[in-house]
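>>> fold the following for me, if possible:
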Amino acid sequence: MSEGRGSADEIAGEASDDAPALPDGAKNYMTPRGYGQLRDELRQLSRVERPKVVEVVSWAAANGDRSENGDYIYGKRRLREIDRRIRFLVKRLENSQVVDPAQQKNRDQVFFGATVTYGDARGMTRTVTIVGVDEADLAHGQVSWISPIARALRKAREGDTVDLRTPAGLERIEVLAIEYRDAASSS
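Below you'll find the model as predicted:
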């Protein structure tokens, strides 16, 4: 990317922390694959990791002086981290709406779950898949549905030219191809 232009993360609008914010009142749209990943992480934390840490903390607490007990101090800190993540995952899953891209009826327009290939004025082409905020991974071409690129592409058709707002200013991009893949093949 040339100097003066925003980073790829900025252009795609991806948050760098673990908990990207959703617009107020918005559903947490996600693919079946993304929902499954969050659900599996919640299960792993609550059924495997948390019980192990509770066991270590209980053992360490029974050893006496807790103020200098590294196992106890680290265990309590780790327990707080696990509990915070569990609360986050529960909220995300409760507010989720699973959208299967393979079920999209209007396949000639860009909507959630679309894999879109677009070109810019410099002749560069790029392919992105529009996914949920918790699934976004720019390194794998997955951008969240609230990112600037996804908003610019939304409802566009093959051959349309749309305006993308970047940190460097307005950029015109052309939609070259739209595809909806089934949930199992999207990665």
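
>>> tell me the pLDDT of the residue lying closest to Thr161 once chain neighbours are set aside.
If the residues on either side of it in the chain are set aside, Thr161 comes closest to Glu174, at 4.9 Å by CB to CB, 6 or more residues apart in numbering. The C-beta positions use only the backbone N, C-alpha and C, and glycine is treated the same way. Note for Glu174: predicted pLDDT of 96.

>>> can you list the buried residues in the helix or strand hosting Glu174?
Using DSSP states H and E, Glu174 falls within strand 169-180. Neighbour counts using 16 or more other CB atoms under 10 Å place 171, 173-175, 178, 180 of strand 169-180 among the buried residues.

>>> stretch 144-155 too?
144-150, 152-154.

>>> again with stretch 130-149
So, applying 16+ other CB under 10 Å, buried residues of stretch 130-149: 130-136, 138, 141-149.

>>> so for it, mean pLDDT?
The model assigns stretch 130-149 a mean pLDDT of 94.

>>> so how far is the first residue of it from its last?
9 Å (CA to CA, to the nearest Å).

>>> and what of stretch 34-54?
For stretch 34-54, the end-to-end distance is 28 Å (CA to CA).

>>> one more: stretch 91-98?
Stretch 91-98 end-to-end distance (CA to CA) = 14 Å.

>>> check the offset of that stretch from the chain's centre.
13 Å (CA atoms, centre = their mean, to the nearest Å).

>>> what residues does it touch?
Here stretch 91-98 makes contact (CB atoms under 8 Å, 6 or more residues apart in numbering) with 22, 27-32, 35, 38-39, 42, 132, 134.

>>> give me that answer again for 7 Å
27-30, 32, 35, 38-39, 42, 134 (CB atoms under 7 Å, 6 or more residues apart in numbering).

>>> out of the residues you listed, who's nearest Arg165?
Tyr29 (21.4 Å; CB to CB).

>>> show me the contacts for that closest one.
97, 99, 112, 132, 145.

>>> quick check: which element contains it?
For Tyr29, the element it lies in under DSSP H and E is strand 28-30.
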